[in-house]
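Asker: Model the following, please.
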Amino acid sequence: MAEEKKGFFKGLWGKIAGGEEPENVSVADPFERGGSAAPILTDEERKPGLFERLRQGLSKTRDSLVGRIDRLVLGKKEIDTDTLEELEEILISADIGVQTTVELIRTLEQRLSRNELKDGDALKAALKEEILARIAREAQPLDLGSATPFVIMVIGVNGVGKTTTIGKLAARYTAEGKKVVLAAGDTFRAAAAEQLEIWGDRVGCDVVRHKEGADPSAVVFDGIKAAVARRADILIIDTAGRLHTKVNLMEELKKVRRIVGREIPGAPHETLLVLDAATGQNALSQAKLFKETAGVTGIALTKLDGTAKGGIVVAICNEFNIPVRYIGVGEGVDDLRDFDPTQFVAALFQ
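Answerer: Prediction:
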């Protein structure tokens, strides 16, 4: 370093001593004398990692489930049937569902009779193991390369986040280098097609739409023709929000399925039911009835970050044998995550 550069404290001492300060005083170079500067982090680098974001997204569910279990076993020298009874109440209130809770408690009672549950840590470890076994049973990612175009029909009631989920999926698939076409089949909700077009412009994919109130089947037909003509890898079909109890709307959904299957044999390759985790047991009812009436093959569970009812994941996986494909743990595009049972349970219990 040039001799005229002085450290901050040296310059300060010069002022105190009455010495004349050189014109160009600089702070000492942090790399002098073997020092090192703290790295400057970008906004992207400051973001928490994927697992940490999953943990943050599940914080409310973790508090309502694992937090209460921790308080239950705190100070207990042994686990007994009374402990399991209290645990049963915790599991039900965390929206794991009565059927799944009964199964879990029965299994834990068997472990207790074999003296496997010595203390609170053993109980938590056993519960974690049993939950993982149930949610991993049907878990599998979509095989998007099994057909071209791969057709995903997205269904669900109003307000669960169908259109936003479609937009996030389109963003993900486009980022992976796939050509995506969106069909705006929700012609009933005001601004549904416009919302989809905004997503299309944002992520760079084509959107096929008609005017509001048009026949959804016609939109889907044109969407299929466009996807085939443009050699798209994936076609995602939005549909109007409907209750399983509305017979005319369910019949319309069947008509859409028939048209898709006629134009592309074997399609739709995925019927993705979007559920709002915050609705708890209502989501369970929707899964049951849409499975019976609409041939659901996969589930996207949204808004897990805003609810303490994330236990519904366990109930859905265990009771209906429908794979959970995606979970939403935040508002960002990359907060719609592939459902990984091992990571999910680890984030819940850690």
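Asker: and Gly97, what does it touch?
Answerer: 281, 284, 311-312, 314-315, 318-319 (Cβ atoms under 8 Å, 6 or more residues apart in numbering). For the C-beta atoms, the positions are set from N, CA and C on the backbone; glycine is no exception.
Asker: closest to Lys179 among those?
Answerer: Ile312 (34.3 Å; Cβ to Cβ).
Asker: Neighbours of that closest one, how many?
Answerer: By other Cβ atoms under 10 Å, the residues close to Ile312 number 29.
Asker: ok, the closest residue to it other than its chain neighbours - how many residues close by?
Answerer: For Ile312, ignoring the flanking residues on the chain, the nearest one in space by Cβ to Cβ, 6 or more residues apart in numbering is Asp95 at 4.7 Å. By the criterion of other Cβ under 10 Å, Asp95 has 28 neighbours.
Asker: Okay, and the beta partners of the residue lying closest to Arg325 once chain neighbours are set aside?
Answerer: Excluding its sequence neighbours, the residue lying closest to Arg325 (Cβ to Cβ, 6+ apart) is Gly298, at 4.2 Å. Residues in a beta bridge with Gly298, per DSSP bridges, are Leu272.
Asker: Gly298 contacts Leu273, correct?
Answerer: Yes. Taking contacts as Cβ atoms under 8 Å, Gly298 lies within contact range of Leu273: 7.3 Å.
Asker: Looking at those two, which is more packed in?
Answerer: Applying other Cβ under 10 Å to Gly298 and Leu273 shows that Leu273 carries more neighbours, namely 27 against 19.
Asker: I'd assumed Gly295 was in contact with that one.
Answerer: No. With contact defined as Cβ under 8 Å, Leu273 does not count as touching Gly295 (9.9 Å).
Asker: quick one: low-confidence parts of this protein?
Answerer: Scanning the chain with the threshold set as pLDDT under 70 gives 1-48, 244-245.
Asker: dump the residue contacts of the residue nearest to Arg325.
Answerer: Counting by Cβ under 8 Å, 6+ apart, Gly298 makes contact with 142, 270-273, 322-325.
Asker: and Asp143, how many neighbours?
Answerer: Per other Cβ under 10 Å, the neighbour tally for Asp143 reads 10.
Asker: Look up how far Thr297 lies from it.
Answerer: 12 Å (Cβ to Cβ, to the nearest Å).
Asker: Counting neighbours, which of the contacts of Gly298 comes out on top?
Answerer: Of all the contacts of Gly298, the most densely surrounded is Leu273 (27 neighbours; neighbours counted as other Cβ under 10 Å).
Asker: quick revisit: give me the three-state assignment for the residue nearest to Ile312.
Answerer: Here Asp95 is recorded as coil under DSSP: H, G, I helix; E, B strand; the rest coil.
Asker: That one: what's it in contact with?
Answerer: 280-281, 284, 309-312, 315.
Asker: Kindly report the same for Ile152.
Answerer: 142, 169, 234-237, 268-272.
Asker: I'd like to know which of those are part of helices.
Answerer: Judged by DSSP state H, helices contain the following of the contacts of Ile152: Leu169.
Asker: Just name the closest of the contacts of Ile152 to Arg209, please.
Answerer: Distance to Arg209 across these (Cβ to Cβ) is lowest for Ile237, with 11.8 Å.
Asker: Am I right that that closest one is in contact with Val260?
Answerer: Yes. Between Ile237 and Val260 there is a contact at 7.3 Å, judged by Cβ under 8 Å.
Asker: which of these two has more neighbours?
Answerer: Neighbours around Ile237 and Val260, counted as other Cβ under 10 Å, are more numerous at Ile237. The numbers are 30 against 25.
Asker: Give the intersection of the neighbour lists for Gly298 and Leu273.
Answerer: Taking Cβ under 8 Å, 6+ apart as the contact rule, Gly298 and Leu273 both touch Ile322.
Asker: Beta-bridge partners for Arg337, please?
Answerer: Ile327.
Asker: Phi and psi next, for Glu138.
Answerer: Per-residue torsions, Glu138: phi -110, psi 0 (degrees, to the nearest 10).
Asker: And Val151, by the same measure?
Answerer: phi -100, psi 120.
Asker: List phi and psi for the residue nearest to it when sequence neighbours are not counted.
Answerer: Nearest residue to Val151 in three dimensions, chain neighbours excluded: Ala267, at 3.9 Å (Cβ to Cβ, 6+ apart). Main-chain torsions, Ala267, degrees, to the nearest 10: phi -90, psi 160.
Asker: Kind regards, and thank you for your time.
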